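Asks: Model the following, please.
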Amino acid sequence: MALFKNDVEKAGGYYEKKDYAKAFELYKKAVKKTNNVYAKYSLGYMYYHGQGTNPDYECAFHYFINSMSGNYADALYYLGMMTKEGKGCGKDLSSAVNFFKMAADKGDKEAQYELALMVFERIEAGLNEKTYGNNDTFNNGLECMKKAAAQGHEGAKKWLCDNEEAIQEEIEWREEEAQDKKAQAEKEAREKSRREQTEKERRGKESSVNIKSTPSTWDEIQAALSELYKRGKSGDLAALFEYGEMFYSGRYYGKSGDRYPEQGVEHIKEAAQKGYVPALLSLGRIYEKDDAFSGKGGMFGIDWMKRAAAQGNEEAIEFVRAWEAKMKIVGENEKRKKEERERQAQASRSYSSSSYKCGKCGAYIPSPGYYGGTFKCSKCSTENKFN
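Replies: From the prediction side, this is the model:
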């Protein structure tokens, strides 16, 4: 053990004196004798920089990889650079990020700087930030850049100075995006709660008119329908709506569950015309999805949804917003198509007005810009006379 230690110490001494050839041989001797980790790291460094030997990136990569058990930050940094640039190994950006991350965690300012650059370059290119995993995020990148600058890294300090305004804008944008996502999540939670409450109220209204969820006899079905009809005609809009829903869906009406959509929609309309929001929503869905009703009487799903939205219903409001956004895109596409057709038509008119047609082969010949005389067709060599 003492001999091995002396070899490494001697190699270090020669290296300090810049006698790289002797240092290189002693490090190789130490590796051969005892497989010393520090000696492996030192050989990787010397192979990389061509000290005491010719530069050899493959050998450098081999020794750096085999020195990883020593957790040398410098070795990890070089492994990051080599996998990033494909020196002595295949190019692998994911591995590069991992090596830089390990070195950065040990306080290596060069690794912190390189890791941050990789993150920001990817963000600037508009690519997925998390392609390299959880290490690759804007916040982590900014933190690494600041740590490198705090340790005196000139490149990091310059980058932060040059990009100060852009960084602040990015931070503000991300904060706004986070707030928007939070607001959207809260809105979705409220909408879910509203739908659950609406369904609960609906079930309660069904039971209030003594309707069984699964009527067992024909007499019970008829009694339930009769009760709903009476209540509906007496002004109970929930009962009227439910009566129409039964006919439309065939949920109870008829021994075999037959549907009577036309009759059902008419009853639902009665409730909708009196402003009953569940009926308006139901008609909106029916007219949107059921081809038998879409456009009938000049009405579409959006028309019913707009009426429900006017009463503040969140589901209808979202439906109308989505529909309007869709129509805007459709309108813009149609406008572009129209402009393209007009452009092509104009180009065709311009071509025809600035060309002459050969009387023999039919080829168009560019106009010479005057009338009279003759022109020779460049395709068939026929002489043509201008009019």
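Asks: How is the chain partitioned into domains?
Replies: The domain map for the chain lists 2-170, 355-385, with the assignment taken from automatic domain parsing.
Asks: I'd like the ones you listed as JSON lines, with distance to residue 223, mean pLDDT and mean neighbour count appended.
Replies: Quick note: C-beta positions are derived from backbone N, CA and C, even for glycine. Putting the domains of the chain into JSON lines (distance: least, C-beta to C-beta, whole Å; pLDDT from 0 to 100; neighbours: other C-beta atoms under 10 Å) gives the following:
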{"stretch": "domain 2-170", "distance to residue 223": "61", "mean pLDDT": "87", "mean neighbour count": "18"}
{"stretch": "domain 355-385", "distance to residue 223": "83", "mean pLDDT": "67", "mean neighbour count": "12"}
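Asks: so where is the stretch 201-350 of the chain shaky, pLDDT-wise?
Replies: Along the stretch 201-350 of the chain, the model assigns pLDDT under 70 to residues 201-218, 221, 250-259, 294, 297, 345-350.
Asks: can you tell which of the domains of the chain is closest to residue 273?
Replies: Within those, the stretch nearest residue 273 is domain 2-170; the backing value is 50.9 Å (C-beta to C-beta).
Asks: starting at the chain centroid, how far to that closest one?
Replies: Averaging C-alpha positions (C-alpha atoms, centre = their mean, to the nearest Å) puts domain 2-170 33 Å from its chain's average.
Asks: returning to what we had before: the domains of the chain: which one's closest to residue 325?
Replies: When the domains of the chain are compared (using C-beta to C-beta), the closest one is domain 2-170, at 23.0 Å.
Asks: How far off centre is stretch 173-190?
Replies: Its chain's C-alpha centre and that of stretch 173-190 lie 16 Å apart, by C-alpha atoms, centre = their mean.
Asks: quick one on the thing from earlier: out of the domains of the chain, which comes closest to residue 310?
Replies: Closest to residue 310 of the domains of the chain, according to C-beta to C-beta: domain 2-170, at 39.1 Å.
Asks: Would you check that residue 93 makes contact with residue 84?
Replies: Yes. Counting by C-beta atoms under 8 Å, residue 93 touches residue 84, with 6.4 Å between them.
Asks: Need the overlap of contacts for the two.
Replies: By C-beta atoms under 8 Å, 6 or more residues apart in numbering, residue 93 and residue 84 have these common neighbours: residue 118.
Asks: Looking at the domains of the chain, which is nearest to residue 306?
Replies: Closest approach to residue 306 among those is made by domain 2-170 (37.4 Å; C-beta to C-beta).
Asks: any idea whether residue 156 is helix, strand or coil?
Replies: What DSSP: H, G, I helix; E, B strand; the rest coil gives for residue 156 is helix.
Asks: so who does it touch?
Replies: Contacts for residue 156 (C-beta under 8 Å, 6+ apart) come out as 109, 112, 113, 116, 145, 146, 148, 149.
Asks: which ones among these are found in helices?
Replies: Of the contacts of residue 156, the ones assigned to helices by DSSP state H are 109, 112, 113, 116, 145, 146, 148, 149.
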